[in-house]
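**Q** structure for this input, please:
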Amino acid sequence: MPAVDTEADVVVRDVVARALESVLDGTLDTLAVERRSAAQPPPPPSLGASAEPGADGGGDDDDDADGAPDGAGARHVARLLAHARNVIVMAGAGMSTAAGIPDFRTPGTGLYYQLEKYELPNPQAVFSIDYFRVRPEPFHMLAREMWPGKFAPTDAHAFVRMLADKGKLLRCYTQNIDGLERLAGVPDDKLIECHGTFASASAIDPPRGSVDIGYYKAQLDAGNQRITCPQTGSLAKPDIVFFGEPLPAHFWPSVDADFQQCDLLLVIGTSLTVMPFAGLVRNVGARVPRVLVNREAAGGKLLVLASEEEARAADDEEEERGDDDVGAPHGDAPDGGSPIRRDFALLGDLQVTVRSLTRLAGWHDELRTLVRAQRARARDEAAGGGGAAPVAAARSVGALADALAGEMSKLAV
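**A** So this is what the prediction gives:
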């Protein structure tokens, strides 16, 4: 006699079906809605305490308003955004985790954790040029995992694109090598890929000739573990900056020119632990506001973060001074900056934070239009038999299975 589905079975099946459909859009929003409706009582909104990184990849934000930062700090930053003319964005791996790309250091899921099977002398060896010469296999695994085109940009990437469209973005300095800023449409002349790019490849030994990136990718996909330059025979790799290699030649000249013009610095999704990138926060003028948008506090002594009370006082001060002076703190603080703090932190799910800031700045509809266009492109590519959406969905199966197991256990209670 066939088994009869219980009500709980039906609910679980519905959750699974909806979640799988949701992944094709690059988000687990549907699963989050089901969790909130199934849980009794519903969990209170908590800024910074959220689902797994990457569970909120983007899209409509009607459901996340309760969890968005809307205190004095957020209002103050939105005011700064609205009036800034030369914004610099410093972007880190946290911008891309919502796209399904693991970050490097999260225990259990980070890319360094996934490399444990290679028994590296230390996790960072995967990016050591000396280690690569001897054993390139771990980097090749990482390269296949992160190769651009497998993932779609997030709301945070769309936000940076929107700043460029509005003529506010002076430059985006990114630590990321996933290419999502490019895919989001951030213009090449507004983008500095500090740690290199997968868009080109080169031989690692003199003469360091360029290697066709299409050839390199074909060799990688074929499982070739020692990809060499066809002209010189030297070992080749994408133009990603490894430990022991210099930063791109245009990096420091750009820093010297840009950071003197900056009137608002946004530090998004980075732990500010890797030098010299982290030290760039010191390069803006002493009176320039610096804003950390991240899941948790970061920066150590590099940033002196304002309290909510100080943020409220700063916002009141800006309102009294009027629009002409917004973003130009003044006073006789020891560092030459504002007598109130000039460093602000908006902590929590940074995708939610970005949507909240655009709502407060009056740019909500523009962000949604950009995000929907990104999703439409991904769906069009999927319909054509390729592109980011299906591959990202396939690579999310493991994370989705873990999430579903958790949801089922909650429903069974």
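**Q** could you report the pLDDT at the closest residue to residue 269 other than its chain neighbours?
**A** Using CB to CB, 6 or more residues apart in numbering and skipping the chain neighbours, the partner closest in space to residue 269 is residue 94 (2.7 Å). Just so you know, the C-beta spots here come from the backbone N, C-alpha and C atoms, and that holds for glycine as well. In this prediction, residue 94 carries a pLDDT score of 91.
**Q** surely residue 94 is within a helix?
**A** Yes - judged by DSSP: H, G, I helix; E, B strand; the rest coil, residue 94 forms part of a helix.
**Q** burial check on it, number of neighbours?
**A** Using other CB atoms under 10 Å, residue 94 has 25 other residues around it.
**Q** thought it was touching residue 268?
**A** Yes - between residue 94 and residue 268 there is a contact at 7.2 Å, judged by CB atoms under 8 Å.
**Q** low-confidence ranges, the stretch 251-400 of the chain, go.
**A** Scanning the stretch 251-400 of the chain for pLDDT under 70 picks out 304-340, 378, 381-400.
**Q** now do the helices in it.
**A** With DSSP state H, counting those that start in this stretch as the criterion, the stretch 251-400 of the chain has helices at 251-258, 308-321, 350-361, 364-383, 388-395, 397-412.
**Q** report the secondary structure element holding residue 247.
**A** For residue 247, there is no host helix or strand (DSSP states H and E).
**Q** residue 196 versus that one, what's the distance?
**A** When CB to CB, to the nearest Å is the yardstick, residue 247 and residue 196 sit 8 Å from each other.
**Q** find the nearest non-adjacent residue to residue 81, please.
**A** Residue nearest to residue 81 in three dimensions, not counting chain neighbours: residue 361, with 5.1 Å by CB to CB, 6+ apart.
**Q** so how far is residue 240 from that neighbour?
**A** Using CB to CB, residue 361 is found at 34 Å from residue 240.
**Q** now residue 248
**A** The value you get for residue 248 to residue 240, if CB to CB is used, is 11 Å.
**Q** what touches both of those two?
**A** residue 196 (CB atoms under 8 Å, 6 or more residues apart in numbering).
**Q** same for the host helix or strand of residue 80, what does it pack against?
**A** Using DSSP H and E, residue 80 maps to helix 72-83. Judged by 3 or more CB pairs under 8 Å, 6 or more residues apart in numbering; DSSP states H and E, the packing partners of helix 72-83 are helix 308-321, strand 343-347, helix 350-361.
**Q** tilt between it and strand 343-347?
**A** The directions of helix 72-83 and strand 343-347 differ by 110 degrees, with axes from the mean of the first three to the mean of the last three CA atoms, to 10 degrees as the criterion.
**Q** how deep is the residue nearest to residue 153 when sequence neighbours are not counted tucked in, by neighbour count?
**A** Excluding the flanking residues, the one nearest residue 153 by CB to CB, 6+ apart is residue 184, at 3.9 Å. Neighbourhood size, residue 184 [other CB under 10 Å]: 24.
**Q** again with residue 149
**A** Neighbourhood size, residue 149 [other CB under 10 Å]: 16.
**Q** what of the one 10 residues further on?
**A** Taking other CB under 10 Å as the neighbour definition, residue 159 ends up with a count of 30.
**Q** mind listing what the residue lying closest to it once chain neighbours are set aside touches?
**A** Leaving aside its sequence neighbours, residue 159 sits nearest to residue 354 (CB to CB, 6+ apart; 4.6 Å). Applying CB under 8 Å, 6+ apart, we find residue 354 in contact with 155-156, 159, 268, 293, 367.
**Q** in CSV: those, plus distance to residue 136.
**A** Putting the contacts of residue 354 into CSV (distance: CB to CB, whole Å) gives the following:
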residue, distance to residue 136
155, 35
156, 32
159, 36
268, 32
293, 35
367, 40
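**Q** show the buried residues in the residues you listed.
**A** 155-156, 159, 268, 293, 367 (16 or more other CB atoms under 10 Å).
**Q** return the closest of those with respect to residue 341.
**A** Of all the buried ones among the contacts of residue 354, residue 293 has the smallest distance to residue 341: 15.9 Å, by CB to CB.
**Q** which residues touch that closest one?
**A** Listed by CB under 8 Å, 6+ apart, the contact set of residue 293 reads 266-269, 345-346, 350, 353-354, 357.
**Q** would you state the strands of this protein in chain order?
**A** For the chain, the strands defined by DSSP state E cover 87-91, 169-174, 191-193, 196-203, 210-211, 236-240, 264-268, 290-294, 343-347.
**Q** from residue 167, how far out is residue 363?
**A** Residue 363 is 13 Å from residue 167, by CB to CB.
**Q** can you tell me which of the contacts of residue 354 lies closest to residue 224?
**A** residue 156 (34.7 Å).
**Q** roughly how far does the closest one sit from residue 231?
**A** The value you get for residue 156 to residue 231, if CB to CB is used, is 40 Å.
**Q** can you give the domain ranges for the chain?
**A** 8-55+393-413, 71-99+151-194+251-363, 102-150+196-240 (automatic domain parsing).
**Q** out of the strands of the chain, which is closest to residue 107?
**A** strand 290-294 (17.8 Å).
**Q** what pairs with that closest one, parallel or antiparallel?
**A** Paired strands of strand 290-294, with direction, are strand 264-268 (parallel), strand 343-347 (parallel) (DSSP bridges).
**Q** turn the strands of the chain into a markdown table, columns for distance to residue 375.
**A** A markdown table is the format used below for the strands of the chain (distance: least, CB to CB, whole Å):
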| stretch | distance to residue 375 |
| --- | --- |
| strand 87-91 | 21 |
| strand 169-174 | 21 |
| strand 191-193 | 22 |
| strand 196-203 | 23 |
| strand 210-211 | 34 |
| strand 236-240 | 27 |
| strand 264-268 | 21 |
| strand 290-294 | 22 |
| strand 343-347 | 25 |
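**Q** among those strands, which comes closest to residue 140?
**A** strand 236-240 (9.0 Å).
**Q** that closest one packs against which elements?
**A** Counting by 3+ CB pairs under 8 Å, 6+ apart, strand 236-240 packs on strand 196-203, helix 213-221.
**Q** what mean pLDDT does that strand get?
**A** Averaging pLDDT along strand 236-240 yields 95.
**Q** which residues sit against that strand?
**A** By CB under 8 Å, 6+ apart, the surrounding residues in contact with strand 236-240 are 127, 132, 136, 139, 143, 177, 195-204, 211, 213, 216, 227-229.
**Q** returning to what we had before: return every residue with contacts to both of residue 94 and residue 268.
**A** 294, 350.
**Q** deepest-packed of the strands paired with strand 290-294, please.
**A** Counting by mean count of other CB atoms under 10 Å, strand 264-268 has the highest mean neighbour count of those, with a mean of 26.
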